[in-house]
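Participant: need a 3D model of the following:
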Amino acid sequence: MTRFLRWWVVLLVIFAESFLVAQSSKSLLAATPPMGWNSWDSYGLTITEDQFKANVGWFNQHLKQYGWQYVVIDEGWYLQHPENAGTKGADQGYTLDRNGRYLPAPNRFPSSGGDAGLKALGDYVHSLGLKFGIHIIRGIPKEAVDKNLAIAGSSFHAAEAANTSDLCRWNPDNYGLKANAAGQAYYDSLAKLYASWGLDFIKVDCISQPYDADEIHMMSAALKKSGRPIVLSLSPGPTPIEQAEDVREYAQMWRISDDFWDLWKKPTDDTSGFPQSLTLQFTKLAQWSPYAGPGHWPDADMLPLGYLGPKPGWGDPRRSRLTEDEARTLITLWSIARSPLVLGANLTQMDAFTESLLTNPEVIAVDQRSSGNKPVIQTPATVVWTAAGVGGKRYVAVFNLGDSEQTASYGWKELGLSGASYKVRDLWLKKDLGELSTLKTTLAPHASALYSAQ
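Facilitator: Purely as a prediction, here's the structure:
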C-alpha cells in the first residue's frame, strides 16, 4: 500500500468514527447537560402566555447562539386562580379534559384551545429553533378520580389507577398511581398528549425524594412509547445516592438536593434541606460526580440569578442575594461538575453582569464538552476540581469557600496533571497567562477561578 493510499485510509477511518459519534449524539437524549430557562424562580405558579413569550423572545435573541435550548413552563399552568394556592379550601380553578388530564388555564394561556393544549406555544418555541418543556406533579388529579373519568386509549378508569393513600407531602393536587396496567395507561395517555403538544422536556415533581421507582419507571416507559424524544427530569431531591444506577437508566436529569436558592451559606444550626445553599452543593456534586455522563446528568437545580420576580417560587421579589463573586462561583461549580444549566431569572429584566456569566463560550464549553470531572482537593476553605477537555486540554477550577482572601499555589502533580508546565488561560478573564510550572491564584472571599491548561 502506497503512502498516499494509507493516508486516505486513515482519513476515511477518522471520518467514519466522527460520523458514528455524531449520529450517536443525535440519537441520545441529553447527550450533553441541558441548558435552558425555567419560569419557577421568577414567576412561581403564576406565569402567563404573554410573560412566557416575552422571556422566550429575550432568550432567543441573547442566549440561543451560545447553546441554550430549552424553555420550560413550571408548575401550575393548569390553574385558573394560582393566587389561591396558599389558601386552604380556596378555588384554584383546575382545568382538566374529559380523560382526567390537566389542560392549560384558558385565562392565562389564551392560545390554548380544548385538547390542543399548549401546542400553539410549542409551535412558537419550535419556530425559533428552541425546545419546549413543562413541569407536572406525578400521579393523577384528585378530580379525575372523584369523577372516575375514563383513561384515554384504554378500557380503564381513574379509580383503577389511583392510589388514594399516596399523597405528595407538599402539593395537594394529585393522588399517586398504582403500579398496575391502569396506572401505566394513564401515564401513556399523558405522554401521548404531551407529544401532540410538541414537548421536548418534562420535569416530573414529587417523585425523586422519596424515590418512587414505580412511577419513574412507568413515566419513562410512557415517554419512550410516545413517538417523540422527550427529556425526563426528576424533582425534587435529594435523590438517594443508593438509587444512582436506577435513576441513570430511567431519567436524563435528576435533582441531587432540595430546592436551591440564592443563599451562600445557612446558619450552622439550620439542618433543614430547604432551601439548599451554595456551599452545601459542593458536597452533593462531589458525591454524584462519578454518575454524570452522556444521557444522564445529576442536577444541582436552577440558577437563581438576576431579578427574581414578580412572583418568585420562594421569598419576596428581589435581585439575587448572591454577590457577583458568588454568582460566578455558582456558574463555575455547575460547569466544572457538568450540571444542567437552567436559568431562573426574569429575562425581561436582565442585567449586564448576569448576562456576561451566561454568554462566555469558554466556560460553557467546560459544562458541555469536558470529561473526567472530579474534585481533587477538598478542605473547609478551598476546593479544587479538574476535568479533561478536547485535544488534550485540561480544566482546573479553584474555589475559596472562606470568608477571607486566600492565596493558593499548586504544583501540577498535586492536581493530577503529569506535565512539568502548561500554557494556562483564565477562562473568565479570557486572558492567556503564559506557560506556568505552578498554578497560583489569589481569591476574594467566596470567589473562584477557572483555567484551561495545555
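Participant: ok, then the element right after the least confident helix or strand in the chain by mean pLDDT?
Facilitator: None of the helices or strands of the chain scores lower by mean pLDDT, DSSP states H and E than helix 3-27, at a mean of 39. Toward the C-terminal end, the helix or strand that comes next after helix 3-27 (DSSP states H and E) is strand 35-38.
Participant: same question for that next one, mean pLDDT?
Facilitator: On average, the pLDDT along strand 35-38 is 98.
Participant: and the next helix or strand after that strand, what does it pack against?
Facilitator: Using DSSP H and E, the next helix or strand after strand 35-38 towards the C-terminus is helix 40-43. Counting contacts by 3 or more Cβ pairs under 8 Å, 6 or more residues apart in numbering; DSSP states H and E, helix 40-43 packs against strand 307-308. Every residue, glycine included, has its C-beta placed from N, CA and C.
Participant: can you give the strand pairings for the strand it packs on, parallel or anti for each?
Facilitator: strand 318-319 (antiparallel) (DSSP bridges).
Participant: helix or strand next in line after the partner strand, which one?
Facilitator: Proceeding N to C from strand 318-319, the next assigned helix or strand is helix 324-336, under DSSP H and E.
Participant: okay, that next one in PDB with CA atoms only?
Facilitator: Output in PDB follows, covering the C-alpha atoms of helix 324-336 (Å, rounded to 0.1, in the frame of the first residue of the first chain):
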ATOM      1  CA  GLU A 324     -21.000  38.900  41.900                       C
ATOM      2  CA  ASP A 325     -18.200  36.600  43.200                       C
ATOM      3  CA  GLU A 326     -20.800  34.100  44.500                       C
ATOM      4  CA  ALA A 327     -22.700  34.200  41.200                       C
ATOM      5  CA  ARG A 328     -19.500  33.500  39.300                       C
ATOM      6  CA  THR A 329     -18.700  30.700  41.700                       C
ATOM      7  CA  LEU A 330     -22.100  29.200  41.100                       C
ATOM      8  CA  ILE A 331     -21.600  29.100  37.300                       C
ATOM      9  CA  THR A 332     -18.100  27.800  37.700                       C
ATOM     10  CA  LEU A 333     -19.200  24.900  40.000                       C
ATOM     11  CA  TRP A 334     -22.100  23.900  37.900                       C
ATOM     12  CA  SER A 335     -19.900  24.000  34.800                       C
ATOM     13  CA  ILE A 336     -16.900  22.000  36.100                       C
END
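Participant: buried stuff in that helix?
Facilitator: Asp325, Glu326, Ala327, Arg328, Thr329, Leu330, Ile331, Thr332, Leu333, Trp334, Ser335, Ile336 (16 or more other Cβ atoms under 10 Å).
Participant: give me the number of residues near the residue lying closest to Ala213 once chain neighbours are set aside?
Facilitator: Closest residue to Ala213 apart from its sequence neighbours, by Cβ to Cβ, 6 or more residues apart in numbering: Asp246 at 6.2 Å. Other residues near Asp246 number 16, with proximity taken as other Cβ atoms under 10 Å.
Participant: for Pro317, give me its contacts.
Facilitator: For Pro317, the contact set (Cβ atoms under 8 Å, 6 or more residues apart in numbering) comprises Tyr307, Leu308, Gly309, Pro310, Lys311.
Participant: actually Ser437, not the one I wrote
Facilitator: Gly411, Trp412, Ala420, Ser421.
Participant: just the buried residues of those.
Facilitator: Trp412.
Participant: just the ones in strands from the contacts of Ser437, please.
Facilitator: Gly411 (DSSP state E).
Participant: from the contacts of Ser437, pick the one nearest Pro290.
Facilitator: For Pro290, the nearest member of these is Trp412. The distance, counting by Cβ to Cβ, is 23.3 Å.
Participant: which residue ranges of this protein form helices?
Facilitator: 3-27, 40-43, 49-62, 119-127, 142-146, 158-161, 181-196, 213-225, 244-250, 278-288, 324-336, 352-358, 361-369 (DSSP state H).
Participant: got the angle for the fourth one vs helix 49-62?
Facilitator: It stands for helix 119-127. 10 degrees (axes from the mean of the first three to the mean of the last three Cα atoms, to 10 degrees).
Participant: the last one too?
Facilitator: Relative orientation of helix 361-369 and helix 49-62, computed by the same axes, to 10 degrees: 110 degrees.
Participant: contacts for helix 361-369, please.
Facilitator: 32-33, 35, 66-67, 331-332, 334-336, 338-339, 341, 357, 387, 389-390, 395, 397, 425, 427-428, 430, 450, 452.
Participant: also the fifth one?
Facilitator: With contact meaning Cβ under 8 Å, 6+ apart, helix 142-146 is reached by 94, 96, 99-101, 158-159, 162, 164, 172-175.
Participant: do that again at 7 Å, thanks
Facilitator: With contacts defined as Cβ atoms under 7 Å, 6 or more residues apart in numbering, helix 142-146 is touched by Tyr94, Leu96, Gly100, Ala158, Ala159, Ala162, Thr164, Asp173, Asn174, Tyr175.
Participant: for ChimeraX, what selects the buried ones among these?
Facilitator: In ChimeraX, this line selects whichever of the contacts of helix 142-146 come out buried by 16+ other Cβ under 10 Å:
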select :94,100,158,159,162,173,174,175
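Participant: from the contacts of helix 142-146, which single one is nearest Gly117?
Facilitator: So of the contacts of helix 142-146, ranked by how close each gets to Gly117 (Cβ to Cβ), first place is Leu96, at 11.3 Å.
Participant: tell me the contacts of the closest one?
Facilitator: Tyr102, Leu103, Pro141, Glu143, Ala144.
Participant: how about Val72?
Facilitator: Gly36, Trp37, Asn38, Ser39, Gly133, Ile134, His135, Phe201, Lys203.
Participant: apply 8 Å and report the result again.
Facilitator: Counting by Cβ under 8 Å, 6+ apart, the residues that Val72 touches are Gly36, Trp37, Asn38, Ser39, Phe132, Gly133, Ile134, His135, Phe201, Lys203, Val342.
Participant: just list whatever residues bridge to it.
Facilitator: Asn38, Gly133.
Participant: next: Asp432.
Facilitator: Arg425.
Participant: wait, it sits on Arg425?
Facilitator: Yes - counting by Cβ atoms under 8 Å, Asp432 touches Arg425, with 5.1 Å between them.
Participant: neighbour count winner among these two?
Facilitator: Legend: neighbour count by other Cβ under 10 Å for Asp432 and Arg425, higher for Arg425 (18 against 11).
Participant: wait, what's in contact with the more buried one?
Facilitator: Neighbours of Arg425 in contact, by Cβ under 8 Å, 6+ apart: Glu362, Lys431, Asp432, Leu433, Tyr451, Ser452, Ala453.
Participant: burial check on Thr48, number of neighbours?
Facilitator: When counting by other Cβ under 10 Å, one arrives at 16 neighbours for Thr48.
Participant: distance of it relative to Pro310?
Facilitator: 11 Å (Cβ to Cβ, to the nearest Å).
Participant: where does Glu268 sit relative to Lys284, distance-wise?
Facilitator: Quick fix: residue 268 is Thr, not Glu. 18 Å.
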